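Asks: here are the coordinates; sequence isn't available:
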């Protein structure tokens, strides 16, 4: 369980309003009740959102006093349902009431319905407020009712830091953001807060800034719930669930650990791509885990305790070694080689048989002479292909070429598998 102190909060939010700091400290029981303080992962993702939404806990109400270019960045065509044009942005610049009514109020009917803004003034009166910048009359009244306060009759309470914090916690819970935080899906959390839907395909505003606040919070509270004797890998990752597509310092720590153990990763860049997934699966297979490529608690535990790979022994691995260990890849590759060799021998034998057909033996010398003397050699050659010897010879030639390709392909597959084992890309069977 995370314990909040003023010193820790100030290190992450140095310019925060005193009212916000006090609210966070005093309302720890409420935060804990709704699971926010249950783990570093949840709390740090929560901090990422309040840090961005309030510019480091310095904003109480959404200003709306924007310049034209900022209006277009947030509410312009392709960015927001309001689809504000440049002409409108120029007119609305420096006009907070008019802008709020245009983008949140009855000037934007679809958004007004979604936010529960039903009359003139609702867009401005219920613009973003509190640490999470809860927006809209519908949500404000809903959370106010749950908290036992009438925000419509006493709108000044929208500026109360404690009420604003509790309202955002309720929004967080209603959108089930703890489960996304538990899976370290920070972008999904950001979508849930900014777009109202964690599964949205759109990109939330300020995504990079939200990621920056997350990293800052993580640096402060990474070890807060990791217990006493924390290993290096635990300290670097806090057992966060990592999977394909993640891009974070935790992925980099994972890659560094795998590389140190002898798993060939290439570039250690913090991006959980195909090669990292491949190495994770190899590690899981080597350690008796389900090779799903997802790094969860069991995989982290194995990473913490597993021994480094014996590189010297690894570099001596041969195809025979892998076959003896039951490698299906090597087995299939060798079967392909055998089939290719059989096709080649059959084709060569067929070519020999083609020229023993009595009908064609006496024709071959004359055909060769004709090709040499006749300017229409290609026509003669084509005609020969349709003799019994020509047809059999053509078929056998194709068999030889096909067999050779099969054999070389099987050899290439086996060689790739051996190289993967020697480099550590795949140490399993």
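Replies: That came in fine, so what should we check first? Since we're looking at a predicted model, the values are computed, not measured. Numbers count the residues shown, from 1 in each chain.

Asks: What is the neighbour count of residue 403?
Replies: Residue 403 is flanked by 20 other residues according to other C-beta atoms under 10 Å. Heads up, the C-betas are built off the backbone N, CA and C, glycines and all.

Asks: Distance of it relative to residue 298?
Replies: Relative to residue 298, residue 403 is positioned 47 Å away (criterion: C-beta to C-beta, to the nearest Å).

Asks: which helix of the chain spans the most residues?
Replies: As assigned by DSSP state H, the longest helix anywhere in the chain is helix 388-423.

Asks: ok, and for that helix, which residues are buried?
Replies: 389-390, 392-393, 396, 399-400, 403, 406-407, 410-411, 413-414, 417-418, 420-423 (16 or more other C-beta atoms under 10 Å).

Asks: same check, this time on stretch 49-57
Replies: Of all the residues in stretch 49-57, those buried under the rule 16+ other C-beta under 10 Å are 49, 50, 51, 52, 53, 54, 56, 57.

Asks: Straight-line length of that stretch, end to end?
Replies: By C-alpha to C-alpha, to the nearest Å, the extent of stretch 49-57 from end to end equals 10 Å.

Asks: cool, stretch 264-284 as well?
Replies: 14 Å.

Asks: List the buried residues in that stretch.
Replies: 264-265, 270-273, 275-284.

Asks: which residues are contacting that stretch?
Replies: When contacts are defined by C-beta atoms under 8 Å, 6 or more residues apart in numbering, stretch 264-284 is touched by residues 242-249, 251-252, 254-256, 258-259, 261, 263, 290-295, 299, 302-303, 306, 423-428.

Asks: the domain parsing of the protein - what is it?
Replies: 6-62+128-221, 232-309, 319-423 (automatic domain parsing).

Asks: what is the mean pLDDT for the last one?
Replies: Okay, so that is domain 319-423. On average, the pLDDT along domain 319-423 is 74.

Asks: before we move on, what about the longest one?
Replies: pLDDT averaged over domain 6-62+128-221 equals 91, rounded to a whole number.

Asks: May I have the distance across it, first residue to last?
Replies: This stretch, domain 6-62+128-221, spans 13 Å end to end (C-alpha to C-alpha).

Asks: can you give me how far that domain is from the chain middle?
Replies: Offset of domain 6-62+128-221 from its chain centre (C-alpha atoms, centre = their mean, to the nearest Å): 24 Å.

Asks: For the domains of the chain, could you give me a markdown table that also reports distance to residue 104?
Replies: Shown next, in a markdown table, are the domains of the chain (distance: least, C-beta to C-beta, whole Å):
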| stretch | distance to residue 104 |
| --- | --- |
| domain 6-62+128-221 | 7 |
| domain 232-309 | 32 |
| domain 319-423 | 56 |
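
Asks: Out of these, which is closest to residue 70?
Replies: domain 6-62+128-221 (11.0 Å; C-beta to C-beta).

Asks: how close does the most centrally placed residue in the chain sit to residue 144?
Replies: Among the residues of the chain, the one closest to the centroid is residue 245, at 1.8 Å (C-alpha atoms, centre = their mean). Distance of residue 245 to residue 144, given as C-beta to C-beta: 38 Å.

Asks: go on, residue 246?
Replies: 37 Å.

Asks: and if you look at residue 169?
Replies: For residue 169, the distance to residue 144 - C-beta to C-beta - is 13 Å.

Asks: swap in residue 208?
Replies: Using C-beta to C-beta, we find residue 208 at a distance of 33 Å from residue 144.

Asks: Could you check how far stretch 122-138 is from the centre of its chain?
Replies: With C-alpha atoms, centre = their mean, you get 32 Å for stretch 122-138.

Asks: What's the end-to-end length of it?
Replies: Start-to-end, stretch 122-138 (C-alpha to C-alpha) is 10 Å.

Asks: residue contacts, residue 402?
Replies: 340, 343, 347 are the contacts of residue 402 under C-beta under 8 Å, 6+ apart.

Asks: Make a PyMOL selection of the buried ones in those residues.
Replies: Per 16+ other C-beta under 10 Å, the buried members of the contacts of residue 402 correspond to this PyMOL selection:
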select buried, resi 340+343+347
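
Asks: now the contacts of residue 402 in CSV, with distance to residue 134?
Replies: Output for these, formatted as CSV (distance: C-beta to C-beta, whole Å):
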residue, distance to residue 134
340, 68
343, 72
347, 76
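
Asks: From the contacts of residue 402, which land in helices?
Replies: 340, 343, 347.
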